[in-house]
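J.: Mind looking at a prediction? Sequence and model below.
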Amino acid sequence: MLSVGHVVLAQKKAHILLVTLNKQGRADEHKYMDHWIDDTHFHWQSQNATDPTSKRGDDIIRHAALGIDIHLFVRDNPLAVGKAAPFTYHGRVRYQSHQGSRPMSIVFGLDAVVG
């Protein structure tokens, strides 16, 4: 089972977000409020230790200025036919806004329409 949904590839200047939408069976502290807002915007909650002043939080907020790409992969459920379900790649996303801290609630804009 996937336990890390935010992978940083520092040498590649990339962050990878691996999001499972259905959080059934997860501990309450790991039921992040991730969801599609519409066809071009995604709401993602960071890990509980991330705040806007932490390295990860700041990297996300300032990713464009820092030359960091953020890539979004989403799946509905963790399992499909008894095996790990595949993620669908939705491309690079752009930071739009955030609220809160530990976890941060972040809105990303997608470069392409989900469909």
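T.: All right, it came through fine.

J.: Can you classify the residue lying closest to residue 102 once chain neighbours are set aside by secondary structure?
T.: The shortest distance from residue 102 to any residue that is not its chain neighbour, by CB to CB, 6 or more residues apart in numbering, is 5.1 Å, and that residue is residue 51. Every residue, glycine included, has its C-beta placed from N, CA and C. Using DSSP: H, G, I helix; E, B strand; the rest coil, the secondary structure recorded for residue 51 is coil.

J.: what packs against the helix or strand hosting residue 44?
T.: Residue 44 belongs to strand 41-45 when assigned by DSSP states H and E. In terms of contact count using 3 or more CB pairs under 8 Å, 6 or more residues apart in numbering; DSSP states H and E, strand 41-45 is assigned the packing partners strand 35-38, strand 69-75, strand 88-99, strand 105-110.

J.: who does the third one pair up with?
T.: According to DSSP bridges, strand 88-99 forms sheet pairs with strand 69-75 (antiparallel), strand 105-110 (antiparallel).

J.: tilt between the shortest one and strand 41-45?
T.: Which is strand 105-110. Strand 105-110 and strand 41-45 meet at an angle of 150 degrees, taking axes from the mean of the first three to the mean of the last three CA atoms, to 10 degrees as the criterion.

J.: same check, this time on the longest one
T.: Relative orientation of strand 69-75 with respect to strand 41-45: 90 degrees, computed using the same axes, to 10 degrees.

J.: need the next SSE after strand 69-75, C-terminal direction.
T.: The next secondary structure element downstream of strand 69-75 (using DSSP H and E) turns out to be strand 79-80.

J.: Centre of the chain to that following strand, how far?
T.: Mean C-alpha position of strand 79-80 versus that of the full chain (CA atoms, centre = their mean, to the nearest Å) differs by 20 Å.
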